[in-house]
Every structure is written in structure tokens, then in C-alpha cells.
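Undergrad: A structural model of the following input is requested.
(2 chains)
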Amino acid sequence: MRNSRAIEITVGVFVIAGLAALFVLAMKVSNITAFQSASGYTIIGNFNNIGGLKVRAPVTMAGVQVGRVSSITLDKKTFEARVAMTIDNRFDNLPTDTSAAIRTSGLLGEQYVGLEPGGMPTTLKDGDELMLTQSALILEKIISQFIYDKASGDGGGSGK
Amino acid sequence: MIEWVRRIGAGSIDMGATLGRGALFLVRVLVGVPGVLVRPGLIVAQMYSVGVLSLLIISVSGIFVGMVLGLQGYNTLVDFGAEQSLGTLVALSLTRELGPVVTALLFAGRAGSALTAEIGLMKATEQLSGMEMMAVDPEHRIVAPRLVAGLLSLPLLTTIFVLLGILGGYAVGTGLLGVDPGAFWSQMQSNVGFWEDVMNGVVKSLVFGFVGTWIAVFQGYDCMPTSEGVSRATTRTVVYTSLAVLGLDFILTALMFG
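TA: Numbering: from 1, shown residues only, chains lettered A, B, ... in the order given. Okay, the predicted model is just below:
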């Protein structure tokens, strides 16, 4: 067996390497640095239909991420989806008439909440509800609407 | 006919007895763990043979598993025009599944078998009985440090494996296949959670480390004290640990990500 000092040094290097790998995984690979729920305030949007929105989906304004979706529940009275969004404290000056829309990144990408700023001088506080919301586009609905219009248009008109 | 039934009965009793001995053995060893923690020198020496000496095989496998994931993932994703998600695919597969499981399987082959053979030979050459004669409890002096070292080493090896795997996937993806490096990292970061994915993988590897080392030391301690017995116990360690890791992985995955 090698002398104990050399063994201790290599074991120390091993432990440090393992912990450093974990640190790199935390910082570089996962999103631990981005938008902890503790460092933000919550606003709520009620949507008729959220489509495929998931918890932890990004919340953006002008394409810049400002927060994350923290919870999605169904309102028992209105049967609307209640989406709670945690907004980073750096963006504490959103006007109260900010509107939210559920959008899709790319044609088949994941869905996110896009915020559009309003013009009111007062700002949103923790727990405030958004007044204007726009539901997700459901592709099947649009297609069926299109087919329905097409069919009724052909039936009503007199051909070409 | 009756002989055949008798053999099944004997096998069942034997299996039950082994399980019971294994559980009691674990309890006795765990009682000895606090005594070992105040003598960290014993653990460090074992971490060297269990952890440091496994580093090479773990690192090389990690890099190659990551590189293969990069190649295979790219070929599938490019059909959907989603090759930007290569980073997510590589990182999620490694942190959640491949990292803990492959490291545990390699660990069983590299370190578990060595532990069994070492303790089995100590038993065959009556070193363990000798220690008992000197009023030194071998379960505390020999087994407990190895259990702690295995439990600590496997998570460390797993994080190193995962990180090197991701770097391997990155090298192949951006260097060979032309994925955009920025998209590789940013897609990965936005889709991999630290607690959900990375830490769940570490928890998995803690469980595997505990079970794998337990099986290894028990097989060594429980083996027939002959050269044939030691060789059988070594084989059993690798087989049982692999089966236990794969089975437990399913249960843990169902609990964590189900």
C-alpha cells in the first residue's frame, strides 16, 4: 500500500472533483440560477383555455424572460384556468393593465406566457390579477373552424 | 417427486435465511458506523480503493456514453428539425437515468467485486477470526468503513460521470455535428432542473451506493471460506447488485418522475 499521505491527497482530490462536478451541474447545466420562487412576486391571470401550458414555463415580456409559471389551478366558480406567475423582483414596474397571452415558441415548440405592457401609471403588486388575458390558440379549433367556414361558404354560395 | 419438492423447500429456507442474515448483518454494521465516523482515516483509505481507483473507468465510460448519446440523439432529432434540443436530451438522459445506473453497474463490477473478494479472502485466511480473538469486531473495523466509503463514493463518481458525459455530448454535438453551442447550453439550462433532475439523480446514486456496497460486503462476509466460495461470492455480488440496481431504478423512477 502506498503511504497514507499520498492516499489522503488523492482522496481529497477525488472528493473535490466530485463536488466541483456537482457545482458545475448546478450552475451550468441546470436552471438553479434562474428565477427562484423566493426572489419574486406573484401575479395571477385567468385564462379560458391554457392549451398545453406547463408549470415552470417561462413568462416573457418583449421576448425577455421575466419569470416563470408557478402554479396552474382550475377556478371552481368560473371554470377558468388560474395561472399564477412568479415575476422576478427586478421587474417590479409592470403597469396594472398589463395583458397576458399564451403563445407557442415556434410551430410545435413549448408554450409560454407573453406579457404586453399597458399604459397605467400604477404597478402590479404581489397577488394582483391581470385584467386582460388571451387564451392559447388550439390548432384543432382553428382547423375545424376553417373547415366549417369553408363548408358553409360553399353551401351558401353558388359555386364559382 | 418428493425429493424435488424437498429441494424447493430447502432452497426457499436457504434464501430466507440469507436475507435474514443480510439484514441482521446490516444492523450490526450500522451500529458500528458512528464508531468509524470518529476515525475518518479508515474511511479515507477505503475511499481510495473504492472511489479513486474507479475514477478511470468511470471517466472513460462517461465520456463515451455522452458522445454516443450526442451522435444517436442528433440523428433522431435532426429528422424533426429539433437538433437544438440535443443538450437537453443528453443532459436529461444522463442526470436522470444513465448517470446513476451506469455508474452503479460499473461500480459493482469494479469496486463491489473487489470488496467481496477482499473480505472473502480475509475470511478464508481466518484474518477475521483472528481479529475476533483480539477482541476487535471485524464488522465494525473492516465492514463499516467500506460501507460508508461506498455510500460516499458512488454519488461523487456519478456527478463526475454525468459532467464528463455532457462534455462528451457537447464535443460531438458542436464539434462534429455542427449544433450551435449557445443553443446547446441554453436549451439545456432552461429544461434541466437542479432539484428535479440533478439532485434526484444524486439521491438515486446514494441508494445504489448503499445497496451495492451492502451486497458486496455481505457476500464477502457470508461466503464459504474456500477459494471456490470466494469466487462464487464475487460473481453473486456483480449479478445481485446489477439486478438490485435495475429493479430499484424502476421503483425510484416511478416515485420521482412518475
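Undergrad: going by C-alpha atoms from here, please, whenever you check contacts or count neighbours.
TA: OK.
Undergrad: now for chain A: which strand has the highest residue count?
TA: Longest among the strand segments of chain A by residue count, using DSSP state E, is strand A:64-74.
Undergrad: now that strand: mean pLDDT?
TA: For strand A:64-74, mean pLDDT rounds to 87.
Undergrad: go on, stretch A:102-115?
TA: On average, stretch A:102-115 scores 80.
Undergrad: can you tell me what sits against stretch B:234-253?
TA: Residues from elsewhere that reach stretch B:234-253 (Cα atoms under 8 Å, 6 or more residues apart in numbering or on different chains): B:101, B:104-105, B:108-109, B:112-114, B:116-117, B:204, B:208, B:211-212, B:215-216, B:219-220.
Undergrad: narrow those residues to those that are buried.
TA: Buried members of those, scored by 16 or more other Cα atoms under 10 Å in any protein chain shown, are B:101, B:104-105, B:108-109, B:112-114, B:116-117, B:204, B:208, B:211-212, B:215-216, B:219-220.
Undergrad: write out the residues of chain A neighbouring chain B.
TA: A:4, A:7-8, A:10-11, A:14-15, A:17-19, A:21-22, A:24-26, A:28-32 (Cα under 8 Å from any Cα of the partner chain).
Undergrad: keep only those of these that are in helices.
TA: Taking DSSP state H, the ones among the residues of chain A next to chain B that sit in helices are A:4, A:7-8, A:10-11, A:14-15, A:17-19, A:21-22, A:24.
Undergrad: enumerate every residue touching A:Gly127.
TA: A:41-44.
Undergrad: so it sits in a helix?
TA: No. Counting by DSSP: H, G, I helix; E, B strand; the rest coil, one finds A:Gly127 to be coil, located in no helix.
Undergrad: pop the domain breakdown of chain A in here.
TA: A:1-33, A:37-138 (automatic domain parsing).
Undergrad: what residues sit buried inside the lowest-mean-pLDDT helix or strand in chain A?
TA: Least confident element among the helices and strands of chain A, by mean pLDDT, DSSP states H and E: helix A:139-156 (a mean of 79). For helix A:139-156, a neighbour-count test (16+ other Cα under 10 Å) marks nothing as buried.
Undergrad: tell me the pLDDT of B:Leu89.
TA: 93.
Undergrad: no wait, A:Ile32
TA: 67.
Undergrad: for the one 10 residues further on, same thing?
TA: With respect to pLDDT, A:Thr42 has a value of 89.
Undergrad: in which helix or strand does it reside?
TA: A:Thr42 is part of strand A:40-47 when elements are defined by DSSP states H and E.
Undergrad: hmm, who's touching the helix or strand just after that strand?
TA: Per DSSP H and E, strand A:40-47 leads on to strand A:58-61 as the next helix or strand towards the C-terminus. Applying Cα under 8 Å, 6+ apart, the external contacts of strand A:58-61 come out as A:65-69, A:85, A:87, A:112-117.
Undergrad: make it 6 Å
TA: A:65-68, A:112-115 (Cα atoms under 6 Å, 6 or more residues apart in numbering or on different chains).
Undergrad: and for stretch A:45-54?
TA: Contacts of stretch A:45-54 (Cα under 6 Å, 6+ apart): A:80-83, A:111, A:129-130, A:135-136.
Undergrad: out of those residues, who's the most crowded?
TA: Greatest neighbour count in these, by other Cα atoms under 10 Å in any protein chain shown, goes to A:Val83: 25 neighbours.
Undergrad: roughly how far apart are that residue and chain B?
TA: For A:Val83, the distance to chain B equals 20 Å [Cα to the nearest Cα, to the nearest Å].
Undergrad: am I right that that residue is in a helix?
TA: No. A:Val83 is assigned strand when assessed by three-state DSSP, not a helix.
Undergrad: what residues are up against it?
TA: With Cα under 6 Å, 6+ apart, A:Val83 has these contacts: A:44-45, A:71-72.
Undergrad: find the nearest non-adjacent residue to it, please.
TA: A:Ile72 (4.6 Å; Cα to Cα, 6 or more residues apart in numbering or on different chains).
Undergrad: do B:Val68 as well
TA: B:Gly169 (7.3 Å).
Undergrad: before we move on, back to that, now do the least confident helix or strand of chain A: distance to the chain's middle.
TA: 32 Å (Cα atoms, centre = their mean, to the nearest Å).
Undergrad: how many other residues sit next to the closest residue to chain A within the stretch 1-150 of chain B?
TA: Going by Cα to the nearest Cα, chain A is nearest to B:Tyr48 of the stretch 1-150 of chain B, at 5.6 Å. If you count neighbours by other Cα under 10 Å, B:Tyr48 ends up with 21.
Undergrad: where along the stretch 101-250 of chain B do the helices fall?
TA: B:113-124, B:127-133, B:138, B:144-170, B:181-191, B:200-222, B:227-257 (DSSP state H, counting those that start in this stretch).
Undergrad: for the fifth one, buried residues please.
TA: Of the residues in helix B:181-191, those buried by neighbour count under the rule 16+ other Cα under 10 Å are B:183-191.
Undergrad: what's the neighbour count on the closest residue to A:Glu129 other than its chain neighbours?
TA: Leaving aside its sequence neighbours, A:Glu129 sits nearest to A:Ile44 (Cα to Cα, 6+ apart; 4.6 Å). Neighbour count for A:Ile44, taken as other Cα under 10 Å: 21.
Undergrad: re the thing from before, tell me the secondary structure for the residue of the stretch 1-150 of chain B closest to chain A?
TA: helix.
Undergrad: do you know how far it is from B:Val230?
TA: The spacing between B:Tyr48 and B:Val230, counted by Cα to Cα, to the nearest Å, is 23 Å.
Undergrad: equivalent analysis for B:Val192, please.
TA: The value you get for B:Val192 to B:Val230, if Cα to Cα is used, is 44 Å.
Undergrad: now A:Tyr41
TA: 62 Å.
Undergrad: of those two, which one has the most company?
TA: Higher neighbour count among A:Tyr41 and B:Val230: B:Val230, with 25 against 20, using other Cα under 10 Å.
Undergrad: ok, the more buried one - contacts?
TA: B:Gly120.
Undergrad: swap in A:Thr73?
TA: Contacts of A:Thr73 (Cα under 6 Å, 6+ apart): A:81-82.
Undergrad: separation between it and A:Glu80?
TA: The value you get for A:Thr73 to A:Glu80, if Cα to Cα is used, is 9 Å.
Undergrad: cool, and B:Ser153?
TA: 50 Å.
Undergrad: related to what we said a few turns ago, so for B:Thr18, which of the domains of chain A sits nearest?
TA: Within those, the stretch nearest B:Thr18 is domain A:1-33; the backing value is 33.6 Å (Cα to Cα).
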